[in-house]
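Engineer: sequence-free structure coming up:
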């Protein structure tokens, strides 16, 4: 009657449970005080004639709420008194509901009153009118608000109340966008509406009624790609701009140019705590600046520089003693009865582990401390422990990276210990390598860290460096644009019509060398043309919100029947590693993962883990959360993978790269499944409402089995909280079921688990199409045993090693070369001179230098096939027996027939592959413009059929060869150089009415350029001067035409021959004339000579 789904207290909700607790206490109160229920309806029969007021006062009139249609309920129940629910009892229960709703309303009013008081006490409240007036009068306004002033939550509200609508507020992190939208929604009394919303990568709450939207910087940039004027917004607020991320710097430049053009009325508000005012004022031409003081409690700063004795030498580990002394100092000076936790800022995970071990030993001795690490690789449950309460008389010591500097705010911190160091990722464009290096923090960061001690009360900041060191710090951190790869940024700019990226007005331009290297890399990936114009492939890549390499994988995968596994691999490579910190240290976890690991490498292992997780979800026999925990995996990462895979599907279908009509995500369901899905959606809405309304209960940390677990304050049991499924976990699980078709995912994962070896090799080759040229060549002195490092060389960086967590680091024997070799010595195999068809290279996702340069996410691939398919340049000798790949790897094939055949196959496959790619991109453009379904033309089907037959044959070829790495000395005498083969001309050589591809002399290497990537007969060692004039009878394996052709002519013919155009005289023994027109530049006459006669005539002039 009262608790249906449309009522204010739905059955099964948290509010429903709270009501019954309230009702029991309400009845006890009535019984104790002898109170009777007042009538619930107004006595309208005795109303005053003049004012219409009842003659008798009732407490009912103090309650400002009512149950809808209660009179109708009473009328319907008049004839159903046999169940005991009389009108009197219904009125009594109705009264109880009204009192509960009134109680909830008064609670909300009290919260609202407290909220309004807090808002008026914020420092920024005094600047409200100034901010609004500045935004109305100027298109750009800078708000420099110190930490705690309230700028992020209040400024959007001020602008909304002053008449601005459609306000966008960017945040550098997704978690900040979500939390701020919830907070501002609560403060604007729109907690359950959509006037205040958020939008992040995989989800959002935006509707047509949204007025304030919190979103990430990347999403606003994507919106600007579609609408350069951002006409949907009236105000853009860029928050936390001091962090200077890649996207924020590009946004600043784009918005500055947009406002300078004078074609928009858009308002721009820049907000930050530690902003470089001089730089921003100059960039935005003296825009108005409003400086707002913060609301921090006084913080005492103490300098405790680490002595030379404690520092040790560079090779020694971090000494934990200075940090333990901080704990001892706090214990000695401040009684344990005074609340206040310690936050220690450390450079990275390695330092956190060292300090954690020493601090835990001290904590066990004193019983005064709980030691908690905080960094990005921890599971969500472990990270959340820092927000829980320590028991009475015990303090928390949080060991954190710079994640606690701005991203995470931990209440209750009274003490901060600042090491003054930070590890930042930079990019070395010369070696194509990321570097995780340790630096001194900037003064702005040091102040941010100090401020963490004064948010809830007076605090102390212990700086483990001298005041002179602090004064020597840089004022601000190095912006991201000056230390990361710029490939994706430049591609995005090109797609937005910015032709000359070097002249773009960045607030602080990146180094020109970084721009040039990024442009060169995009040319290698064929995303840019020779003149740096964006190619059709580049335009397609720019639409995908992923790295260029992963985007290219997806596009190439769409050409073949392996798009599902390619999307899965691209998804697992697009998120943070799912492995937790204990994943590699716990033998049981390692053993449980072993059956899932793949001998092909880390990306395939990650694919297997994702497929197994889908299987566990689909079968439902065990908890997927438990399955992940037992294997050292973070389930949140798998949810992200599934979301990204769905996004890839939508993007590829939206760009017409997936054939077929757009299907409903749950098409073809039975009525039972539809009912179940409807029930799941309903339950999900209830759980989300509970999650919104019920603030996270603070829990008390408790020692159990030598580890701290969080136990609810009202839970008296000592049960392990690990087995308790949280509300958030339930929401994630239901969201996954509602959003995805689990049957389709399970079917796709089952097919991937049943892959044959040929399927896996094809998958790896397609993945390599995106990763190339990220290949590593094994060192000749590798032992291939697990007790030593295996050394590899990339084209740009020598002497790199496998990451310790890589599969091959623990199973190096799989990489050991196999073949005939006379040079094998005891204990090591030399790849130089090894004759085999099983040579392997390692393809890698990234190159990262920490203590050493490491190959990360490696995968073994066949050497010959990978290099021939994806190299930028192939240079051969006269017989194609010696091939130089990208000027760093040499392949030697002893059998000339096999070598020429494999090179010809390579030419055919690459030509067909490129043609198919162009056809698909052109078709997708037409489909996008016409909004019709993607069809399959005859040419497309023929190319797909050809590649479907020839590519597996090529990958399965058993050509034996030797391979070695080219040295710097070899490069000096590699090519014959220009003008050596001056007799080569642009004329057709040996054209006997058969198809030949175009060929021209190479301007720098010499020889003949048969294709953009293949140059024939240009190597100084093995050049054949007469090879292009001496013909031998040869039968084309495709069209069966028998002709006397040179080696280069054979390659040129096979490059364009598909076997469909057999000549009419097939089988004829007639030999075409061997003579052709020849113009002698010395005699200045035309002759009819054969190839031998041409050579003789040239010698006559010698």
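Structural biologist: It's in. Just so you know, these numbers come straight off a predicted model, no measurement behind them.
Engineer: okay but residue 318 is in contact with residue 352, surely?
Structural biologist: No: if you go by CB atoms under 8 Å, residue 318 and residue 352 don't touch, sitting 9.8 Å apart. Glycine gets a C-beta too; all of them are placed from N, C-alpha and C.
Engineer: so what's the nearest residue to residue 498 once chain neighbours are set aside up against?
Structural biologist: Spatial nearest neighbour of residue 498, excluding adjacent residues (CB to CB, 6 or more residues apart in numbering): residue 504 at 5.9 Å. When contacts are counted by CB atoms under 8 Å, 6 or more residues apart in numbering, residue 504 touches 253, 493, 498.
Engineer: Could you list which of these belong to helices?
Structural biologist: Among those, the residues falling in helices (DSSP state H) are 253, 493.
Engineer: Out of the contacts of residue 504, grab the one that's most surrounded.
Structural biologist: Within the contacts of residue 504, residue 493 tops the neighbour count with 21 neighbours, counted by other CB atoms under 10 Å.
Engineer: Contacts only, for that residue.
Structural biologist: Residues in contact with residue 493 (CB under 8 Å, 6+ apart) are 250, 501, 504.
Engineer: ok, now with 7 Å
Structural biologist: 501, 504 (CB atoms under 7 Å, 6 or more residues apart in numbering).
Engineer: Look up how far residue 505 lies from it.
Structural biologist: Shown here: residue 493 relative to residue 505, a distance of 12 Å by CB to CB, to the nearest Å.
Engineer: Likewise for residue 294?
Structural biologist: Note on residue 294: its distance to residue 505, by CB to CB, is 32 Å.
Engineer: beta partners of the closest residue to residue 267 other than its chain neighbours?
Structural biologist: Nearest non-adjacent residue to residue 267, counting by CB to CB, 6+ apart: residue 235, 4.5 Å away. Here residue 235 sits in beta bridges with residue 167, residue 267, as judged by DSSP bridges.
Engineer: wait, residue 235 sits on residue 169?
Structural biologist: No: using CB atoms under 7 Å, residue 235 makes no contact with residue 169, being 8.7 Å away.
Engineer: Looking at these two, which is more packed in?
Structural biologist: residue 169 (28 against 21).
Engineer: tell me which element the closest residue to the more buried one other than its chain neighbours is part of?
Structural biologist: Spatial nearest neighbour of residue 169, chain neighbours left out: residue 237 (4.2 Å); criterion: CB to CB, 6+ apart. Under the criterion of DSSP states H and E, residue 237 resides in strand 235-238.
Engineer: same question for that strand, mean pLDDT?
Structural biologist: When pLDDT is averaged along strand 235-238, the result is 94.
Engineer: now do stretch 416-436
Structural biologist: Averaged across stretch 416-436, the pLDDT comes to 89.
Engineer: Give me the buried positions along that stretch.
Structural biologist: 416-424, 426-429, 431-435 (16 or more other CB atoms under 10 Å).
Engineer: same deal with stretch 608-623?
Structural biologist: Buried-residue list, stretch 608-623, by 16+ other CB under 10 Å: 608, 609, 610, 611, 612, 613, 614, 615, 616, 617, 618, 623.
Engineer: Is the third one part of a helix or strand, or is it coil?
Structural biologist: Meaning residue 610. At residue 610 the chain is in helix, as set by DSSP: H, G, I helix; E, B strand; the rest coil.
Engineer: What residues does it make contact with?
Structural biologist: Neighbours of residue 610 in contact, by CB under 7 Å, 6+ apart: 568, 572, 638, 641.
Engineer: quick one: least confident helix or strand in this protein?
Structural biologist: Sorting the helices and strands of the chain by mean pLDDT, DSSP states H and E puts strand 707-712 at the bottom, at a mean of 54.
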